[in-house]
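Undergrad: pasted the sequence and its predicted model underneath.
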Amino acid sequence: MSILKVEGLTKQFGGLTAVNNVSFDVEEGQVLSVIGPNGAGKSTLFKLISSFLTPTSGQVRYKGEVVSGLKPHLVARKGIVRTFQETTVFKEMTAFDNVVIGHQLGQNAGPLGVFLSTRAARADEARFRESADEILEYLGLSHVRNELARNLPHGYLRSLGIAIAMAAQPKLLLLDEPFAGMNVDETDRAVTMVEGIRRRGITVLLVEHDMRAVMRISDRIVVISFGSKIAEGTPEEIRANEAVIEAYLGQ
Ligand code: ADP
Ligand code: MG
């Protein structure tokens, strides 16, 4: 069953068509990666899916319901949660407290909700603290639980970004270049993390440049170039696709 349907999605910025009539389905419980050269429109596509941008035309359907045009926090509450390409972590807080905040971001009506702490929100936070430790544990971050985020090495900071997104209890997790700037060991650990997330039944949509990692963890791959989808298939099919090799892999 498909959890997400991207239907003829197009986004123009002035005269530039960043995403051009892109369609694909994401099966529930799978990992689907979107690959393509720099500037191909991958991040724009993610912002359209998470409703941070409104499409010029086309739509996104989540569990059958059109979600394009909804406010991003409402889409997040339905279960579509994204991390950001930039690291968005509260640097002066511990890893643990960042995850607790991530949970509130998933629960509350918007960014302001975090600061308007109601009694109900505080009770919910108390309940969530145990889950926060569980998330840190299955993402392999327990040993840095009490470290201030600013003291964490880059790879851990990026992993913490994923933990924060997981705290919002996503059903569909969007990861934009989660392995960027990671060394081989960090990438291996992060791949294991994504596999762990998938095992928990969460659908993952991934934009990533690291082909070794993409080929390892993806069930399907969508390739975009200059805003348009040029190929889609299993890792084996994509590896053998001449148009893809020409547009991207052969660079
Ligand atoms: P990718 O993530 O594949 O590298 P992006 O989606 O970030 O590509 O960008 C696709 C194209 O859209 C690029 O040419 C980029 O400069 C342009 N673009 C992205 N965001 C905006 C924006 N907010 N305003 C104008 N142009 C944008
Ligand atoms: Mg990008």
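TA: Great, that's in hand. Ligands and ions are numbered 1, 2, ... in the order given.
Undergrad: and the chain, which residues reach ligand 1?
TA: Selection of the chain residues close to ligand 1 by C-beta under 6 Å from any ligand atom yields 13, 16, 18, 36, 38-44. C-beta: built from backbone N, CA, C; applies to glycine.
Undergrad: now the buried members of these.
TA: 18, 36, 40-44 (16 or more other C-beta atoms under 10 Å).
Undergrad: so which of those comes closest to Arg145?
TA: Relative to Arg145, the closest of these is Ser43; by C-beta to C-beta it sits at 30.6 Å.
Undergrad: the closest one should be in a strand, yeah?
TA: No - assessed with DSSP: H, G, I helix; E, B strand; the rest coil, Ser43 is helix; it does not lie in a strand.
Undergrad: for the buried ones among the residues of the chain next to ligand 1, give me TSV that also has pLDDT.
TA: Formatted as TSV, these follow (pLDDT from 0 to 100):
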residue	pLDDT
Ala18	98
Gly36	93
Ala40	96
Gly41	97
Lys42	97
Ser43	95
Thr44	97
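Undergrad: nearest to ligand 2 among those residues?
TA: Comparing those against ligand 2 with C-beta to the ion picks out Ser43 as the nearest, at 3.2 Å.
Undergrad: so that closest one makes contact with Ile224?
TA: No - under the criterion of C-beta atoms under 8 Å, Ser43 makes no contact with Ile224, lying 11.0 Å away.
Undergrad: one step back: so which of the residues of the chain next to ligand 1 reach ligand 2?
TA: 42-43 (C-beta under 5 Å from the ion).
Undergrad: and the residues of the chain next to ligand 1, which two are furthest apart?
TA: Phe13 and Gly36 (17.1 Å).
Undergrad: re earlier: format the residues of the chain next to ligand 1 as a markdown table; extra columns: distance to Asn151.
TA: As requested, the residues of the chain next to ligand 1 are exported to a markdown table (distance: C-beta to C-beta, whole Å):
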| residue | distance to Asn151 |
| --- | --- |
| Phe13 | 38 |
| Leu16 | 40 |
| Ala18 | 37 |
| Gly36 | 35 |
| Asn38 | 31 |
| Gly39 | 34 |
| Ala40 | 35 |
| Gly41 | 36 |
| Lys42 | 31 |
| Ser43 | 28 |
| Thr44 | 34 |
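Undergrad: residues from this protein in reach of ligand 2?
TA: 42-43.
Undergrad: can you dump the C-alpha coordinates of the longest helix belonging to the chain into CSV?
TA: Of all segments of type helix in the chain, defined using DSSP state H, the longest is helix 119-138. In CSV, the C-alpha atoms belonging to helix 119-138 read as follows (Å, rounded to 0.1, in the frame of the first residue of the first chain):
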residue,chain,number,x,y,z
ARG,A,119,-0.2,21.8,32.2
ALA,A,120,-1.2,19.2,29.7
ALA,A,121,2.0,19.8,27.7
ARG,A,122,4.1,19.4,30.9
ALA,A,123,2.4,16.1,31.8
ASP,A,124,3.0,14.9,28.2
GLU,A,125,6.6,15.9,28.5
ALA,A,126,7.0,13.9,31.7
ARG,A,127,5.6,10.8,30.0
PHE,A,128,7.8,11.4,27.0
ARG,A,129,11.1,11.4,28.9
GLU,A,130,11.2,7.6,28.9
SER,A,131,10.6,7.4,25.2
ALA,A,132,13.3,10.0,24.7
ASP,A,133,15.8,7.7,26.3
GLU,A,134,14.5,4.8,24.2
ILE,A,135,15.0,6.8,21.0
LEU,A,136,18.6,7.8,22.1
GLU,A,137,19.3,4.1,22.8
TYR,A,138,18.1,2.6,19.5
